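J.: give me the fold of what follows.
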Amino acid sequence: MSSSVYGDLGDYSAIIPAWLKHPGVLSYVDEQGERRGFIILGFFEEPTDNDHRCIADLLAIAVEPRFQRRGIGRRLLDFAIRVAAAAAEQSGVSEIRLTVPETNAVGQRLYTSTGFEVLDPEYGAYDGGQRAIRMTKRLRAGG
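T.: This is a model prediction of the structure:
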């Protein structure tokens with residue numbers, strides 16, 4: 001599924017298994033008789049001026065092309081936000097972040113509609129050359 005969804009961005013058949021080996025990385029697969037989509041959510045400490053803060057990073061969200069435009073992506077995103085919010089209550093995770101290609105207007109609208117804001121419009125580039133946009137959503141007040 002990752003190659004059909006992310007093929008133009010790079011070799012995600014190698015990237016995704018590498019992510020899954022890291023501690024603090026969770027995955028969830030949506031299956032209704034067959035695999036329709038998945039998320040990969042990582043939890044990391046980020047150094048700050050005085051300390052560290054914990055963030056959640058939605059490393060990947062994908063819906064099999066034949067199941068797209070049926071609300072599965074929104075449900076997967078909502079699930080990732082709920083998991084990150086539960087971690088915020090228990091472990092002080094302050095925000096959830098994600099990276100989206102500039103060419104993915106549908107994804108950008110979805111993320112904006114659920115409260116994500118652009119953190120860095122020039123975050124870098126995908127292996128396929130697309131500009132990467134970094135987005136964030138605060139999970140708790142004062143975090």
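
J.: right, and the helix or strand after the biggest helix by length in the chain?
T.: Longest helix in the chain, counting residues (DSSP state H): helix 72-91. Using DSSP states H and E, the helix or strand that directly follows helix 72-91 along the chain is strand 93-101.

J.: look at Ser4 and give its secondary structure.
T.: helix (DSSP: H, G, I helix; E, B strand; the rest coil).

J.: next SSE after the helix or strand of the chain with the lowest mean pLDDT?
T.: Lowest by mean pLDDT, DSSP states H and E among the helices and strands of the chain is helix 2-6, with a mean of 71. Helices and strands here follow DSSP H and E; after helix 2-6, the next one along the chain is helix 12-20.

J.: can you pull the buried residues of that next one?
T.: By 16 or more other CB atoms under 10 Å, the buried positions in helix 12-20 come out as 12, 15-16. C-betas here are computed from N, CA, C, even on glycine.

J.: what residues does that helix touch?
T.: 2-3, 5-6, 25, 27, 40, 42, 59-60 (CB atoms under 8 Å, 6 or more residues apart in numbering).

J.: farthest pair within those residues?
T.: Spatial extent of these (CB to CB) is set by the pair Ser3 and Gly42 at 20.8 Å.

J.: what lies in contact with whichever strand or helix holds Asp30?
T.: Using DSSP H and E, Asp30 sits within strand 25-31. Applying CB under 8 Å, 6+ apart, the contact partners of strand 25-31 are 19-20, 35-43, 59, 72, 75-76, 79-80, 83.

J.: nearest residue to Ser4 in space, please, no chain neighbours.
T.: Nearest residue to Ser4 in three dimensions, chain neighbours excluded: Pro65, at 5.8 Å (CB to CB, 6 or more residues apart in numbering).
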